[in-house]
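>>> Have a look; sequence and predicted model below, questions after that.
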Amino acid sequence: MPSGRGVTVLVAGIALWLVARLLGSPTMHIVAAGLVALPFAAALFARWSHQRFEVHRRLSDVRVRPGQRLSVELEVHNRGSLATSFLLVEDRVPGALGRPARLVLTGIPARNHQRVAYALVAQRRGRYVLGPLAIDVSDPFALTRLRIGFDLRDELVVTPEVEDLRAPDGSLVGFGTGPSRAKYLFRTGEEFYTMRPFVEGDDLRRIHWPSVARTGQLMIRQDESSRRSAALILLDTRAAALGEAHRPAFEKAVSVAASIGMHLARSGYVLRLATAQLPPEATSEDAFLDALATVSHASARSLHPVLSRIRTAAAGDTTLVLVSAPPLPAELGALIRSGAGFGPKLAALVYPVEPATLPPERRAQLEGRASQARLSLSRAGWDVLVLGPQARLADVWLSGRTRLPAASGPSA
């Protein structure tokens, strides 16, 4: 297609031809014909110059935090036998990350390459795809433009905000209840599960003599294995509780779940994640953050179906972490019963709106609901944190005298 300059030259050629007709000048006729033909000749040159390109995109990181700067580098190879004129490279960027990147490259020599880079700042969690990419090729006079498309796509994951919950002194104290509770909440013990008969070649030091005395045959103790404690993170994604995705309360709840989950994972826990849409499922640290990066609100209104699904994961050595809005009085009984089969339990309750922005009557109602939930859950053995959509989890955690375990744990 003609560029702006090409259209100008074509219009000028036509105008000059009209003037030549009026004046009857053969010389001006020749010049006018040349100007009219020049954009078409440039278009043919751009189309038949056999320019071949290869493009590579490199991201400085494929997983970033909100507000983190990301560098994107494009490397354009000219595989043709002729040098190029200047190139306009356009890389499509999701609207949530900004406008498409438009970059200009100077002429690339034959069988050579050139690099160019641009920066993005992701402000909202999610999974995004960069691309496709297009290169606009022009003739030496910049009279025409030919677009070459490349189906080049790269995935970028913007994780939720993760707060550092480590205490300044790094001591092993639980949720404000003393060292003994912490040893249970953050324990990792070494156990063996069974015995087996002695086989020639076994290490004699592994013989379990009490079993030999009881059974009358040589028994070998199985290799000790480090058993990691488990933690189930239950994120209440109901729109009826925390509002829709990307609203302040919902995003704060996602950040709270990510922060607590990552702290537990780095302390040696095996993570499981459950939401209003997803049943409890074991996950790695990266998969945990990836799942929270794309989680959205659910249309379900009742908490009971969610609680019935987590009962299958209940175990005395499993920590339950609930992230939700302050539950309604009718939901408290079911929540307490569902948590009875777990070991330590923590409820992080996020106000759906900042209480200070509400009229006095609604504010008192919301704060009263949170106080009732805190009292009922505390009596049932839960630890409870309450925070607003704009509050920092680390401040609430530390203000409750909650100190955390060291950020390392034994391997599974």
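Perfect, thanks for sending it. Not measured: the values here are computed from a predicted model.

>>> Please make it C-alpha for all contacts and neighbour counts, starting now.
Fine.

>>> by contact count, what packs against the helix or strand hosting residue 365?
Under the criterion of DSSP states H and E, residue 365 resides in helix 360-379. Packing partners of helix 360-379 (3 or more Cα pairs under 8 Å, 6 or more residues apart in numbering; DSSP states H and E): helix 329-339, strand 382-387.

>>> Buried residues in that helix, which are they?
For helix 360-379, a neighbour-count test (16 or more other Cα atoms under 10 Å) marks 363, 366, 369-370, 372-374, 376-377 as buried.

>>> any idea which of the helices and strands packed on helix 360-379 is most buried?
strand 382-387 (a mean of 21; mean count of other Cα atoms under 10 Å).

>>> Would you reformat the helices and strands packed on helix 360-379 as TSV and include mean pLDDT?
Output for the helices and strands packed on helix 360-379, formatted as TSV (pLDDT from 0 to 100):
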stretch	mean pLDDT
helix 329-339	94
strand 382-387	95
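
>>> first vs last residue of stretch 78-93, how far apart are they?
24 Å (Cα to Cα, to the nearest Å).

>>> residue contacts, the residue nearest the centre of the chain?
In the chain, the C-alpha closest to the average C-alpha coordinate belongs to residue 159, at a distance of 2.6 Å (Cα atoms, centre = their mean). Each residue near residue 159 by Cα atoms under 8 Å, 6 or more residues apart in numbering is listed here: 63-66, 125-126, 289-290, 292-293.

>>> any idea which element the closest residue to it other than its chain neighbours lies in?
Nearest non-adjacent residue to residue 159, counting by Cα to Cα, 6 or more residues apart in numbering: residue 293, 4.8 Å away. Assigned by DSSP H and E, residue 293 falls within helix 285-294.

>>> Next one: the closest residue to residue 61 other than its chain neighbours from residue 397, what distance?
Nearest residue to residue 61 in three dimensions, chain neighbours excluded: residue 70, at 6.9 Å (Cα to Cα, 6+ apart). In this structure, residue 70 and residue 397 are 31 Å apart, going by Cα to Cα.

>>> more neighbours, these two?
A side-by-side neighbour count of residue 70 and residue 397, using other Cα atoms under 10 Å, places residue 397 first with 22 against 19.

>>> tell me what the one helix or strand the more buried one maps to is packed against?
If you go by DSSP H and E, residue 397 is part of helix 393-399. Using 3+ Cα pairs under 8 Å, 6+ apart as the contact criterion, the elements in contact with helix 393-399 are strand 382-387.

>>> angle of the strand it packs on against helix 360-379?
Per axes from the mean of the first three to the mean of the last three Cα atoms, to 10 degrees, the angle that strand 382-387 makes with helix 360-379 is 150 degrees.

>>> Paired strands for strand 382-387, with orientation please.
The pairing partners recorded for strand 382-387 under DSSP bridges are strand 345-350 (parallel).

>>> what's the angle from the partner strand to helix 329-339?
150 degrees.

>>> circling back to that earlier point, give me the contact list for the helix holding residue 365.
326-329, 332, 336, 349, 351, 355-356, 383-384, 386.

>>> pull the CA atoms of that helix into CSV?
C-alpha atoms of helix 360-379 as CSV (Å, rounded to 0.1, in the frame of the first residue of the first chain):
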residue,chain,number,x,y,z
PRO,A,360,-22.2,4.7,60.2
GLU,A,361,-25.0,2.2,60.3
ARG,A,362,-23.5,0.0,57.5
ARG,A,363,-20.1,0.3,59.0
ALA,A,364,-21.2,-0.9,62.4
GLN,A,365,-23.0,-3.8,60.7
LEU,A,366,-19.9,-4.9,58.8
GLU,A,367,-17.6,-4.5,61.7
GLY,A,368,-20.0,-6.3,63.9
ARG,A,369,-20.1,-9.2,61.5
ALA,A,370,-16.3,-9.4,61.5
SER,A,371,-16.2,-9.3,65.3
GLN,A,372,-18.7,-12.1,65.6
ALA,A,373,-16.8,-14.2,63.1
ARG,A,374,-13.5,-13.5,64.9
LEU,A,375,-15.0,-14.5,68.3
SER,A,376,-16.7,-17.7,67.0
LEU,A,377,-13.7,-18.9,65.0
SER,A,378,-11.3,-18.1,67.8
ARG,A,379,-13.4,-20.2,70.2
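
>>> packing partners for the longest helix along the chain?
What stands out as the longest helix in the chain, according to DSSP state H, is helix 26-48. Helices and strands touching helix 26-48, by 3+ Cα pairs under 8 Å, 6+ apart, are helix 4-23, strand 145-150.
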